[in-house]
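Novice: Kindly generate the corresponding structure for this input.
(2 chains)
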Amino acid sequence: MHGYGIMQNVAQLSKGRVNLAAGTLYGAINTLLEKGWIIALPGEANTRKKEYEITPQGRQAAQNELARLQELVDNGSCIMKGEI
Amino acid sequence: MRHTIHKCFWAWQAEKEEAWINEMEAKGMHLIAVGYCTYIFEEGAAGTYIYRLELLENSKNHPESIQYLQFLEETGIEIVGNYLRWVYYRRAAALGAFDIYSDYSSRIRYCKRQMAFMLPLIMVNFSAALLNFSIFFAWYSSLNLVCAGISLALTLALLAGTRGIYKQLKALRKQRVITE
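Specialist: So this is what the prediction gives:
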């Protein structure tokens, strides 16, 4: 997926609540590239748009983050139900 | 029809400058080029674009800046022009709200970049004031006294501008702590 595609996807997923600005996304992409969580795909001749792909390490990091967020949600639900 | 307007803004008045450009846009004047205290507008339909300004980390021709600006262009942002490290962007208003940064950390980094830009200017002006004062006291040259006065006034103006950016930085840091 390319930069503008990521911005559109995020806006669509969040039903317009999250609008990633280009400068913010550029910084985030560079951080992910440095961590080796995504890689830039070789560009096609007819387009200047750079595309990115998640790496196995990136997928693992995303799964760890999802597990962390799930734990937060579970804890929050327990607190709201008065179980804790 | 094109119109050239000569107007000067201080280095720390980027927000004011941006607001003025967007006010001009609201009157149907699209900014198409910039230069030293010079803005070239073209008449058109009001509210077509939203304009933003950014101080780049490096010069516009630096490889990192080229890569960054290319990325911005890929997201529908048009580069209208630049002056020194300041770049003027616009994006079609029909695409919705337009900001360069949407998170606190990036905005904080940007404030720090602006302050880092101001610091050498403050140092140079303050050094020039000191040098001219010392020459004045040694030789009683009134020209040096005038130069010292101008440099000192510029130093104070730059300090006041930097204080404004520092206030923004502090407010952003507070907001980040609340939302984190």
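
Novice: in the chain, what spans have low per-residue confidence?
Specialist: Since no chain was named, I'll use chain A. In the predicted model of chain A, residues A:44-48 satisfy pLDDT under 70.

Novice: which bits of it sit near chain B?
Specialist: Residues of chain A lying close to chain B by Cβ under 8 Å from any Cβ of the partner chain are A:2-4, A:7, A:19-27, A:29, A:48-50. In short, each C-beta sits where N, CA and C put it, glycine included.

Novice: Among these, which lie within helices?
Specialist: A:Gly3, A:Tyr4, A:Met7, A:Ala22, A:Gly23, A:Thr24, A:Leu25, A:Tyr26, A:Gly27, A:Ile29 (DSSP state H).

Novice: Okay, domains of chain B per the record?
Specialist: Domain assignment of chain B by automatic domain parsing yields the ranges B:2-95, B:104-179.

Novice: centre of the chain versus the helix or strand that contains B:Ile178, how much separation?
Specialist: Taking DSSP states H and E as the criterion, B:Ile178 maps to helix B:142-179. Distance of helix B:142-179 from its chain centroid, counting by Cα atoms, centre = their mean, to the nearest Å, is 13 Å.

Novice: part of a helix, is B:Asn82?
Specialist: No. Applying DSSP: H, G, I helix; E, B strand; the rest coil, one finds B:Asn82 to be strand, outside a helix.

Novice: my guess is it contacts B:Tyr88, does it?
Specialist: Yes. The pair B:Asn82 / B:Tyr88 is scored as a contact, 6.6 Å apart, by Cβ atoms under 8 Å.

Novice: Need the buried ones from the residues of chain A next to chain B selected in ChimeraX.
Specialist: The command below creates a ChimeraX selection of those among these that count as buried (16 or more other Cβ atoms under 10 Å in any protein chain shown):
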select /A:2,3,4,7,20,21,22,23,24,25,26,27,29,49,50
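
Novice: Spit out the residues that contact B:Asn82 and B:Tyr88 alike.
Specialist: Common neighbours of B:Asn82 and B:Tyr88 (criterion: Cβ atoms under 8 Å, 6 or more residues apart in numbering or on different chains): B:Val34.

Novice: A:Ile54: which of the domains of chain B is closest?
Specialist: Among those, the nearest to A:Ile54 by Cβ to Cβ is domain B:2-95 (18.5 Å).

Novice: Spell out the residue ranges of the strands in chain B.
Specialist: Remark: strands assigned in chain B by DSSP state E are B:2-6, B:29-35, B:38-43, B:49-55, B:78-83, B:86-92.
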